[in-house]
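1. with the sequence up front, the predicted model follows.
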Amino acid sequence: MSLLLLTFGSCRKYLEVNQNPNIAQNATPELLLPSAQVQIASALGVDLQINGSIWAQHWTQSTNASQYRYLEQYLPVASNYDRVWGLLYNGALADLRQLDRTAAQQNRRQYIAISKLLQAYTFQLLTDGFGDIPFTEALRGGQDGGGITSPKFDPQAVVYDGIIALIDSGLTIIDESDPVHPGNDDIIYQGDMHLWRKFGNTLKLRVHLRLSEVNPGKAQAGIAQLEGAEFIEEGESAQVNFISTPGNQNPLYSEISGLNFTQNLVASATSTDTMKANDDWRRFIFYTLVGGDVVGLRQGNFTATSAGSLSAPSAAVGAQAANEESATAPVKLLSSYESYFLQAEAVARNWLTGDDRALFERGIYASFREYEGIIESFEYVLRDSLNGEEDIFIMSTDYAAYRYINGDTITGTVFGDTVIQSPSFYWGQYPEGGSLEQKLEHIITQKWFSMNGNQGFEAWTEWRRTGFPRFFQVSANSQIGSTMPVRFLYPNTEATRNLNFPGQTSITTKVWWDTQ
């Protein structure tokens, strides 16, 4: 995956709802493709990441700042969603639609294939966040599109049908032998069409599993088409990488720098307490240390007067204000561990053939290995309780994952001549003989652990679909009672400009596929 070499600001205004003002309308595919990918990463890495990670209870608002209190109070306003809507519609999707036209004129079919897949990905982000959205009439403001400047809002079921059609179209076009394909202008996969095929298959699996509760028959039928398909594996996560040069930095870190490097975000105790109870070494990846471990704040308790020192999200996820290494954190679209957990769920439901336990465990290993090197910078101490002597060694990434799943069968805790081996931990133990609900709870909860700080919007979305994890807490400063947010508000820009705007919704009104 290449480094990002394009400069785009994270905050921009969109005056025309059917045209990206940042790209010339005669732009080449080599410019349109990376532009669209950056727009997706900007939306996914800032607004969707912050909103998702707070409502997924990975992060919470610091007691020493106030930037995101409205999210913890469950009191967002429509204008909070102007930017993400603009980045995805007027930025990414406008670029991708233009890419379709330009690449078709030049017979560059692999650009079209990637465009179709990324359009499907982007529309899923939008409909999962907002529900019914413009789809069939979206981005048709030009004369060739019928001059539709107020597109209608399509039901979410219609949007999902369109998303599936886009994926199928993209997969059909992919030709790995086609010599005309992107190179480094594809900042996700550098034009590797085999990896794009895996991306399309994995996205199709995600899209169909989203229908598991609202239309299981359709979900199963769609997943059956993927039997024997290849999916994203370790080392193949779809992500946009960044460098430390200003203008090319992780978009969340750029946001933080624009807020005078204020550490607004801190660890949520919902996450840290569960990870510590399971001795999950990923807590050292996702959070900073306080007194030798991680310390979280009760969700939404930003008015606490005696919280003490709290862990911040780490530089590995781009959210540590005091660490400039945050600038190089990638933004992940589809990760290898998400791919394994998606497959594990499909197999557990008997919608794909395979070994669900093995896929579940591969997902855990992939999650640990995605950040290889961070765990191995920590020392592991064993102390003899009789004479007080200590042995110190460096924890390996694979052993940290192994002991989480299987228990410590090698070192244990030493008491004189007796070795007391550590047990495996609850969330690492797949309930192979359990019910489907027990299996799904482990798979989705484990996915939630893995997505900490790096796929926050998807973690929140999966909680809405399945109800897992079960241990979320209502924000301590909720202003809407004991319910929790299950959708975004439509943006103010759409309410004031689109004559077909259907009216504002409530953040407690479930989207179509959310039947929990």
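-> Ah, there it is.
2. so where's the stretch 251-400 of the chain uncertain?
-> Of all residues in the stretch 251-400 of the chain, those with pLDDT under 70 make up the ranges 380-391, 393.
3. repeat that for 90
-> 279, 292, 305-308, 372-396, 399-400 (pLDDT under 90).
4. show me where it has strands.
-> With DSSP state E, counting those that start in this stretch as the criterion, the stretch 251-400 of the chain has strands at 265-267, 331-334, 379-383, 390-394.
5. next up, the contacts around Asn278.
-> Tyr404, Phe425, Tyr426, Trp427, Gly428 (C-beta atoms under 8 Å, 6 or more residues apart in numbering). Yep, even glycine has a C-beta here, placed from its N, CA and C like the rest.
6. which strands and helices sit next to the top helix by length along the chain?
-> For the chain, the helix reaching the highest residue count under DSSP state H is reported as helix 109-130. Under the contact definition 3 or more C-beta pairs under 8 Å, 6 or more residues apart in numbering; DSSP states H and E, helix 109-130 sits against helix 29-45, helix 82-86, helix 94-105, strand 133-134, helix 156-173, helix 193-209, helix 456-466.
7. quick one: neighbours of the nearest residue to Met193 once chain neighbours are set aside, just the number.
-> Spatial nearest neighbour of Met193, chain neighbours left out: Glu176 (4.7 Å); criterion: C-beta to C-beta, 6 or more residues apart in numbering. Using other C-beta atoms under 10 Å, Glu176 is surrounded by 12 other residues.
8. which of the contacts of Asn278 sit farthest apart?
-> Of all pairs drawn from the contacts of Asn278, the greatest distance, 10.2 Å, lies between Tyr404 and Tyr426 (C-beta to C-beta).
9. which of the two has more residues huddled nearby?
-> A count of neighbours by other C-beta under 10 Å puts Tyr404 above the other of Tyr404 and Tyr426, at 25 against 12.
10. what about the more buried one, distance to Thr272?
-> As defined by C-beta to C-beta, to the nearest Å, Tyr404 lies at a distance of 16 Å from Thr272.
11. same question for Thr288.
-> Taking C-beta to C-beta, one finds Thr288 at 11 Å from Thr272.
12. mutual contacts of the two, please.
-> Each of Val294, Ser311 lies in contact with both Thr288 and Thr272 under the rule C-beta under 8 Å, 6+ apart.
13. which of the two has more neighbours?
-> The neighbour count for Thr288 versus Thr272, taken as other C-beta under 10 Å, is higher for Thr272 (25 against 20).
14. contact partners for the more buried one?
-> Neighbouring residues of Thr272 by C-beta under 8 Å, 6+ apart: Arg283, Tyr287, Val294, Val295, Gly296, Ser311.
15. turn those residues into JSON lines, columns for neighbour count and distance to Trp59.
-> Below are the contacts of Thr272 laid out as JSON lines (neighbours: other C-beta atoms under 10 Å; distance: C-beta to C-beta, whole Å):
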{"residue": "Arg283", "neighbour count": "24", "distance to Trp59": "13"}
{"residue": "Tyr287", "neighbour count": "31", "distance to Trp59": "10"}
{"residue": "Val294", "neighbour count": "24", "distance to Trp59": "12"}
{"residue": "Val295", "neighbour count": "20", "distance to Trp59": "14"}
{"residue": "Gly296", "neighbour count": "26", "distance to Trp59": "9"}
{"residue": "Ser311", "neighbour count": "25", "distance to Trp59": "10"}
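16. let's see which of those end up in helices.
-> Members of the contacts of Thr272 lying in helices (criterion: DSSP H): Arg283.
17. hang on, the earlier thing: tilt between the longest helix of the chain and helix 456-466?
-> Interaxial angle of helix 109-130 relative to helix 456-466 (axes from the mean of the first three to the mean of the last three C-alpha atoms, to 10 degrees): 60 degrees.
18. report the mean per-residue pLDDT for helix 109-130.
-> Averaging pLDDT along helix 109-130 gives 98.
19. what do you get for stretch 74-94?
-> 98.
20. next one, pLDDT for the residue positioned nearest the centre of the chain please.
-> In the chain, the centroid-proximal residue (C-alpha atoms, centre = their mean) is Gln455; its distance is 2.3 Å. Listed pLDDT for Gln455 reads 98.
21. report the distance from the strand or helix carrying Glu441 to the chain centre.
-> Using DSSP states H and E, Glu441 sits within helix 436-450. Put simply, helix 436-450 sits 16 Å off its chain's centre (C-alpha atoms, centre = their mean, to the nearest Å).
22. for it, packing partners?
-> helix 269-277, helix 336-348, helix 356-369, helix 456-466.
23. run the last query once more with 6 Å
-> If you count contacts as 3 or more C-beta pairs under 6 Å, 6 or more residues apart in numbering; DSSP states H and E, helix 436-450 packs onto helix 336-348, helix 456-466.
24. so which of those helices is nearest Asp95?
-> The closest of those to Asp95 is helix 456-466. By C-beta to C-beta, the value is 20.7 Å.
25. on that earlier part again, from the contacts of Asn278, which is closest to Gln220?
-> Of all the contacts of Asn278, Trp427 has the smallest distance to Gln220: 27.0 Å, by C-beta to C-beta.
26. does the closest one count as helix, strand or coil?
-> helix (DSSP: H, G, I helix; E, B strand; the rest coil).
27. find the nearest non-adjacent residue to it, please.
-> In space, Trp427 is closest to Asn278, 5.3 Å off (C-beta to C-beta, 6+ apart).
28. how about the backbone phi and psi for the closest residue to Pro155 other than its chain neighbours?
-> Sequence neighbours aside, Asp132 is the residue nearest to Pro155 in space, at 5.6 Å (criterion: C-beta to C-beta, 6+ apart). When read as degrees, to the nearest 10, the backbone of Asp132 gives phi -70, psi 130.
29. do the same with Asn241
-> Main-chain torsions, Asn241, degrees, to the nearest 10: phi -90, psi 160.
30. returning to that earlier point: who's in contact with the helix holding Glu441?
-> Outside of helix 436-450, the residues within contact range by C-beta atoms under 6 Å, 6 or more residues apart in numbering are 337, 341, 344-345, 348, 360, 367, 427, 430-431, 459, 462, 466, 468-469.
31. in that helix, what counts as buried?
-> Across helix 436-450, burial judged by 16 or more other C-beta atoms under 10 Å covers Lys439, Leu440, Glu441, His442, Ile443, Ile444, Thr445, Gln446, Lys447, Trp448, Phe449, Ser450.
32. let's have the residues you listed in TSV, adding pLDDT.
-> TSV is the format used below for the buried residues of helix 436-450 (pLDDT from 0 to 100):
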residue	pLDDT
Lys439	98
Leu440	98
Glu441	98
His442	98
Ile443	98
Ile444	98
Thr445	98
Gln446	98
Lys447	98
Trp448	98
Phe449	98
Ser450	98
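33. those residues into a markdown table, with extra columns for distance to Arg101?
-> What follows is the buried residues of helix 436-450, written out as a markdown table (distance: C-beta to C-beta, whole Å):
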| residue | distance to Arg101 |
| --- | --- |
| Lys439 | 45 |
| Leu440 | 42 |
| Glu441 | 46 |
| His442 | 46 |
| Ile443 | 41 |
| Ile444 | 40 |
| Thr445 | 44 |
| Gln446 | 42 |
| Lys447 | 37 |
| Trp448 | 40 |
| Phe449 | 42 |
| Ser450 | 38 |
